[in-house]
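Engineer: Below are the sequence and a predicted model for it; my questions follow.
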Amino acid sequence: MEIDWNSYDPGELYDEMISSPGHPRRAARAIATYLQKLTAKQLGRRQHAADLAIAEMGVTFTVYSEGTNIDRTWPFDIIPRIIPQKEWSHIEEGLEQRMTALNMFIHDLYNDQKIIKDGIVPKKLISGSKSFMPQCIGATPRYNVWAHICGSDLVRDGDGTVYVLEDNLRVPSGVSYMIENRSITKRVFPELFSKHRILPVDDYPAHLFDMLASLSPRPLDYPEIVVMTPGIYNSAYFEHSFLAQQMGTELVEGSDLVVCDDNCVYMKTIDGLQRVDVIYRRVNDEFLDPEAFNDDSVLGVRGLLRAWRAGNVALANAPGAGVADDKLVYSYVPEIIKYYLDQDPIIPNVPSYRCDDKKQRDYVLANLNKLVVKPANESGGYGMLVGPHASAAERNKFANLIKRNPRNYIGQPTLKLSTAPTICGQKVEPRHLDLRPFILQSDRTYVTSGGLTRVALRKGSLVVNSSQGGGSKDTWIVETGGK
Amino acid sequence: MLSRVAERLYWTARYLERAENTARLVKVYSNLMLDLPNGVGLNWHQLVDISGAQAFFDSHYRTSGKRNVIRFMLSDTDNQGSLLTSLTMARENIRTTRDLVPSEGWEHVNELYLFARKELTGKMLLKDRYEFLSEVVMRTQQITGLLAGTMSHGAAYQFIRVGRNLERADMTTRILDVGSATLIAPGVQLERLENRLWTYVLRSLSAHQMYRQYVRRRVQASQVLAFLLQDTDFPRAVAHTLGEIASCLEHKLPHSDEPLRAALRLQRLVAEANVNKLHAEGLHEFIDQLQLEFGNLHQQISTTWFSLELDEAV
């Protein structure tokens, strides 16, 4: 297999690297030329080296396959996805704006609810939401920030416009793969890194640590920060231990923590109980604290919410932050940005039809063959309908689901997701992809340089989730100069 | 360091050491059974007694023939003390504390477990069994060496060291039990058998050569007992393992008063034992007493570092 860009045709789709056969985009020109010069043998050797590097790390991952799902079996494509820095700066600004507004929104919902009183969003937005936690009403986390770590999914449509597809504000994962993908690419194409100016991504754990430290209730230079995991059988356990290791913090399970009569959180160590200041929790709300949320949970820490409300421990993300991670709330984000910041959104939303509105619902039901239908409260690509690719029976099923529970569904036009060249067997072909940057927010905001690019490896498929046949690519934010 | 993590490292080391010594025990016993003449009263059920799980064995097996006992000792996953259970538990404990252990450590434990599981599922010939057991001993030694040579000797490593030495002390006394005269039916002419018995005991602990070098006498019951109980330099001798534990507790771990007391009491008990008298009678009872004290030491370690007594601590 040798690459010849003249025979690579993205058709009417927007391709991230090649605008039309034989014509690489400006920021990708150098790497396109470089790749084309490689012989079939050389290219094969690079892909093989990448597979080996993954297998080496794979030793550490395969054990988890004894649990249920394991993300690391998703393949890695060695051709990086290129984004010019100038475009990225614009996206960064948009993400910062969006997070700021969303955090103001969450804080408002749990406190004054001005946005509801002012009639911008309907009351039922909360009353019908599974993720609104009444236990959190009146809480005031530090800086009034609730969602400290967010992974927003971005997609690009056929005309080149970048949209936010969804915001993951609960326990978004994938950042460890972003860092690993870079270290693999560096092994495979070291020479490219000396030629390009590619923004680094491996400073993420340091930024994460700083952000978490800024949340500490006690003013310490090194507050006690822990990463809380549901345990080894969680599919993201690798990431939990990776982040704990990279930050030099303890990786704890619920049973390692205890809330004492002073309403402070302690971890059980060989030196006795040790006060914990900040918990980066990778456990869902309902399993955080059996006292407050779910009496049956064995994962949580009894009294954790009490300690958090007393201001003795910081939780990232704050419990209840997931309320803004709901497809129906999503449909209101442009209004939310306008309301709190008096700005227009820098990155647009995908137009969305709310099924709880009769007119919009009728439109969705009449156009199921053209639309994507998503449940309001799921993530991971589960339970959604891609109209144009679905059978009549599936569409019927969804029509019934929508009629039965309209609050739970939104419809969106099917986007022509952009593509990038991907090695598929012996050929390089366009495949659809998205991008998940990670945003950290406390008293300041940090956005990763790029993020995790996920690729749908099946021809024509639009679903990039790792659990459903997706792969990933390294993402390069490239300085093009001449600014 | 988290209590849970400390506990898991401690148990990783204990289970690895238990696997190694179970392999040693079965090996020496198989050889003894081949070598000693019929009619000396040695039988396979005594191996079960030594392992300390008679009740479990008797409720799960109808006869105590060779095949059952070997299965019980090596591959029975319901038996808490079998070789395979030990390796399974070692693996389970180390894989949840992998961040603290050099990655090769985890890989080797994992491979050893996979190897044992594969070998123990098929039918095993006597010759293969011997090779298998030797391989297990060698690989566990390798892991011990790897950890000693590549892991920082901070608190995490000290819990591994304490676990390993406590388990080793316990298992060495169990192997000594093989030599205790209670195994031999009364009235059997002991003199000639005894040397052979104690030589096996030494060999099973890889101690024969060191015994000859340091004791410089031919194999003699009371001398062997003294060497394996009271020698402070031989790494598998009880006195040495206790010395290792005491030095960890005294110098390397916080708040170690109570466990240290328990360890020092054990050291006295071993140092003051009269081996000549023990050899004549009461060895088995003495070993029982030691094992109770090992249990007590474990209890102190667990209370101090693993299961924090919350009411007191706050």
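Structural biologist: Good, I have the coordinates.
Engineer: pLDDT weak spots in the chain?
Structural biologist: Going with chain A. Under the criterion pLDDT under 70, the flagged ranges of chain A are A:1, A:55-74, A:378-382, A:466-469, A:481-483.
Engineer: The intended chain is chain B.
Structural biologist: Within chain B, the stretches falling below the threshold (pLDDT under 70) are B:39, B:181-192, B:309-314.
Engineer: where does it come near chain A, residue by residue?
Structural biologist: Contact residues (Cβ under 8 Å from any Cβ of the partner chain) of chain B with chain A: B:1-4, B:6, B:95-96, B:98-99, B:103, B:106-107, B:110, B:155, B:159, B:253-255, B:305, B:308, B:310, B:313-314. Bear in mind the C-beta positions are built from the backbone N, C-alpha and C, glycine included.
Engineer: Turn the buried ones among those residues into a named ChimeraX selection, would you?
Structural biologist: Buried members of those, identified by 16 or more other Cβ atoms under 10 Å in any protein chain shown, are gathered into one ChimeraX selection as follows:
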select /B:1,2,3,4,6,95,96,98,106,110,155,159,253,305,308
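Engineer: residues near residue A:387, how many?
Structural biologist: 20 (other Cβ atoms under 10 Å in any protein chain shown).
Engineer: Spatially central residue (nearest the centroid) of chain A, please.
Structural biologist: residue A:151 (2.9 Å; Cα atoms, centre = their mean).
Engineer: Could you do chain B as well?
Structural biologist: Nearest to chain B centroid, counting by Cα atoms, centre = their mean: residue B:171, 2.4 Å.
Engineer: Backbone dihedrals for residue A:446, both of them.
Structural biologist: For residue A:446, the backbone dihedrals are phi -130, psi 140 (criterion: degrees, to the nearest 10).
Engineer: now it: how far from residue A:148?
Structural biologist: In this view, residue A:446 and residue A:148 are 10 Å apart by Cβ to Cβ, to the nearest Å.
Engineer: shared neighbours of those two, anything?
Structural biologist: Here residue A:446 and residue A:148 have A:211, A:440 as joint contacts, going by Cβ atoms under 8 Å, 6 or more residues apart in numbering or on different chains.
Engineer: Residue B:88: which element?
Structural biologist: In this assignment (DSSP states H and E), residue B:88 forms part of helix B:83-95.
Engineer: Which elements pack onto that helix?
Structural biologist: Helices and strands touching helix B:83-95, by 3 or more Cβ pairs under 8 Å, 6 or more residues apart in numbering or on different chains; DSSP states H and E, are helix B:3-35, helix B:66-74, helix B:103-121.
Engineer: most neighbours per residue, which of those helices?
Structural biologist: Ranked by average neighbour count under the criterion mean count of other Cβ atoms under 10 Å in any protein chain shown, the helices and strands packed on helix B:83-95 are headed by helix B:3-35 at a mean of 23.
Engineer: one step back: okay, residue A:446 and residue A:148: which has more neighbours?
Structural biologist: It is residue A:148, of residue A:446 and residue A:148, that has more neighbours when counted by other Cβ under 10 Å, with 28 against 19.
Engineer: quick one, what contacts that one?
Structural biologist: Residue A:148 neighbours (Cβ under 8 Å, 6+ apart): A:211-212, A:215, A:316-318, A:440-442.
Engineer: mind listing the helices for the stretch 201-314 of chain B?
Structural biologist: B:208-215, B:221-230, B:238-251, B:257-271, B:275-280, B:283-301, B:310-313 (DSSP state H, counting those that start in this stretch).
Engineer: what would these look like in a markdown table with distance to residue B:138?
Structural biologist: What follows is the helices of the stretch 201-314 of chain B, written out as a markdown table (distance: least, Cβ to Cβ, whole Å):
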| stretch | distance to residue B:138 |
| --- | --- |
| helix B:208-215 | 16 |
| helix B:221-230 | 21 |
| helix B:238-251 | 20 |
| helix B:257-271 | 29 |
| helix B:275-280 | 31 |
| helix B:283-301 | 26 |
| helix B:310-313 | 43 |
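Engineer: how about these, which one is nearest residue A:435?
Structural biologist: Each of the helices of the stretch 201-314 of chain B was scored for nearness to residue A:435 using Cβ to Cβ, and the closest is helix B:310-313 (46.6 Å).
Engineer: Show me what from the stretch 151-300 of chain A comes close to chain B.
Structural biologist: Counting by Cβ under 8 Å from any Cβ, the stretch 151-300 of chain A sits next to chain B at A:232, A:241, A:244-245, A:250-253, A:255-256, A:258, A:260-262, A:267-273.
Engineer: Residue A:439 touches residue A:97, doesn't it?
Structural biologist: No. The pair residue A:439 / residue A:97 is not scored as a contact, 10.5 Å apart, by Cβ atoms under 8 Å.
Engineer: ok, those two, which is more surrounded?
Structural biologist: Remark: of residue A:439 and residue A:97, residue A:439 carries more neighbours, 25 against 19, as counted by other Cβ under 10 Å.
Engineer: Who is that one paired with across the strands?
Structural biologist: residue A:150, residue A:447 (DSSP bridges).
Engineer: how close does it get to chain B?
Structural biologist: In this view, residue A:439 and chain B are 27 Å apart by Cβ to the nearest Cβ, to the nearest Å.
Engineer: Could you tell me how far that residue is located from residue A:96?
Structural biologist: On the measure of Cβ to Cβ, residue A:439 and residue A:96 end up 7 Å apart.
Engineer: Domain-wise, how is chain A divided?
Structural biologist: Structural domains assigned to chain A are A:5-349+A:415-478, A:353-413, following automatic domain parsing.
Engineer: Turn the ones you listed into a markdown table, including distance to residue B:299.
Structural biologist: Shown next, in a markdown table, are the domains of chain A (distance: least, Cβ to Cβ, whole Å):
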| stretch | distance to residue B:299 |
| --- | --- |
| domain A:5-349+A:415-478 | 16 |
| domain A:353-413 | 46 |
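Engineer: if you compare these, which one is most tucked away?
Structural biologist: Most buried of the domains of chain A by mean neighbour count (mean count of other Cβ under 10 Å) is domain A:5-349+A:415-478; its value is a mean of 19.
Engineer: ends of that one, how far apart?
Structural biologist: With Cα to Cα, to the nearest Å applied, domain A:5-349+A:415-478 spans 20 Å between its terminal residues.
Engineer: Assign a three-state SS to residue A:274, would you?
Structural biologist: Judged by DSSP: H, G, I helix; E, B strand; the rest coil, the three-state class of residue A:274 is strand.
Engineer: Could I get the contacting residues of the residue nearest to it when sequence neighbours are not counted?
Structural biologist: The shortest distance from residue A:274 to any non-neighbouring residue, by Cβ to Cβ, 6 or more residues apart in numbering or on different chains, is to residue A:267 (5.4 Å). Contact partners of residue A:267, counting by Cβ under 8 Å, 6+ apart, are A:224, A:226, A:250, A:252, A:256-258, A:273-274, A:276, B:2.
Engineer: where's residue A:202 relative to residue B:53, distance?
Structural biologist: Relative to residue B:53, residue A:202 is positioned 52 Å away (Cβ to Cβ).
Engineer: Tell me where the stretch 251-400 of chain A has strands.
Structural biologist: In the stretch 251-400 of chain A, the strands defined using DSSP state E, counting those that start in this stretch lie at A:257-259, A:265-269, A:272-275, A:278-281, A:314-316, A:353-354, A:371-375, A:385-386.
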